[in-house]
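1. sequence first, then the predicted structure, then my questions.
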Amino acid sequence: MNSGRTRAIVRRELVSYFASPIAYIILAIFALMTGYFFYVRIQLYNFLSLQFMKYQGYIDKFNIGDFIIKPLYANLAVILLLLLPIITMKSYAEEKRNGTKELIMTSPVRLSEIVLGKFISACLVFMTMLVLTLSVPVLLGSYTSADTGVMITTYTGMFLLGASMISVGMFASSITENQIVAAVIAFGILLLFWAIGWVSHGANPALSSFLGYISLIDLHFQNLLKGIVDTRDIVYYLSFIFFFLFLTHRVLESERWR
């Protein structure tokens, strides 16, 4: 794999993202939603802390992580479920619609370099979204004793979750030339992997454990929000990303030989 060609694709895709208003709109929406949810959680925390001060023993259990960090970033994960398919919907569908897919498919660039370049560029846009939320730990650190370790694992979880969603969006975009259809397919797949966690709570222990493990948010993301670093969670997300990038590569490969 040629890293120079991959970087060229990354630069090309980043220019494409920020040449349209979609990226700026999504960044603005994500920043506004982050601010709104943060404000709501702070107000609720202040109200409940005043109430719990009346009861001995409860105030010690009332911490920033449980009442602000975990609910806030859990809400942001749901927002990503809606926004990231919009970012990735143009990845391959736009190439097909504009007729530039043939140029890419017949170029000396390897399919793996195309897939990786487009994936990295979308991840960089997503990382820009995460950077906009760094005001949250900064503000919490200014006024409270927020756990630095928990914030690190939380952002690690956010990145892995977002990268997993991007890989699904890339796959969805590779199987259609309609960007809206690509976004809907990606949203449907992601919603399925999210809803599986709900079903696991009412299943028998063996099935519940299996469904909980393959759920995108229910187990693995929650562990990282709690500050728990388990290699099984990291392996799950990396395997998830690799699987959908592999499917994307296979779809493009089948089109190249048609």
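-> Yep, it's here. From a predicted model like this one, the values you see are computed outputs, not experimental measurements.
2. helices of this structure, start to end?
-> Assigned by DSSP state H, the chain shows helices spanning 3-18, 21-52, 64, 70-88, 93-98, 101-105, 111-131, 135-143, 148-174, 179-200, 205-214, 220-225, 231-256.
3. any idea of the mean pLDDT in the longest one?
-> Confidence for helix 21-52, expressed as mean pLDDT, is 86.
4. picking up where we left off before, just put the helices of the chain in TSV and tack on mean neighbour count.
-> Heads up, the C-betas are built off the backbone N, CA and C, glycines and all. Output for the helices of the chain, formatted as TSV (neighbours: other Cβ atoms under 10 Å):
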stretch	mean neighbour count
helix 3-18	15
helix 21-52	15
helix 64	17
helix 70-88	20
helix 93-98	17
helix 101-105	14
helix 111-131	20
helix 135-143	14
helix 148-174	22
helix 179-200	18
helix 205-214	14
helix 220-225	22
helix 231-256	16
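5. return the member of the ones you listed having the minimum mean pLDDT.
-> Ranked on mean pLDDT, the bottom entry among the helices of the chain is helix 101-105, at a mean of 58.
6. how far away from the center of its chain is stretch 123-143?
-> For stretch 123-143, the separation from the chain centroid amounts to 14 Å (computed by Cα atoms, centre = their mean, to the nearest Å).
7. one more: stretch 249-258?
-> On Cα atoms, centre = their mean, the centre of stretch 249-258 falls 26 Å from the chain's centre.
8. export it to PDB, keeping only CA atoms.
-> Listed next in PDB are the C-alpha coordinates belonging to stretch 249-258 (Å, rounded to 0.1, in the frame of the first residue of the first chain):
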ATOM      1  CA  HIS A 249     -13.700  -3.300  -0.400                       C
ATOM      2  CA  ARG A 250     -15.500  -6.400  -1.700                       C
ATOM      3  CA  VAL A 251     -18.400  -4.300  -3.100                       C
ATOM      4  CA  LEU A 252     -16.000  -2.000  -5.000                       C
ATOM      5  CA  GLU A 253     -13.900  -5.000  -6.100                       C
ATOM      6  CA  SER A 254     -17.000  -6.600  -7.600                       C
ATOM      7  CA  GLU A 255     -17.800  -3.400  -9.500                       C
ATOM      8  CA  ARG A 256     -14.300  -3.000 -10.800                       C
ATOM      9  CA  TRP A 257     -14.400  -6.400 -12.500                       C
ATOM     10  CA  ARG A 258     -17.900  -5.900 -14.100                       C
END
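9. now do the contacts for the residue lying closest to Leu191 once chain neighbours are set aside.
-> Ranked by Cβ to Cβ, 6 or more residues apart in numbering and with sequence neighbours excluded, the top spatial neighbour of Leu191 is Leu81, at 7.0 Å. Remark: with contacts taken as Cβ atoms under 8 Å, 6 or more residues apart in numbering, Leu81 is in contact with 165, 187, 190-191, 194.
10. could you dump those to JSON lines with distance to Arg12?
-> Compiled in JSON lines, the contacts of Leu81 are given as follows (distance: Cβ to Cβ, whole Å):
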{"residue": "Met165", "distance to Arg12": "22"}
{"residue": "Phe187", "distance to Arg12": "26"}
{"residue": "Leu190", "distance to Arg12": "26"}
{"residue": "Leu191", "distance to Arg12": "31"}
{"residue": "Trp194", "distance to Arg12": "32"}
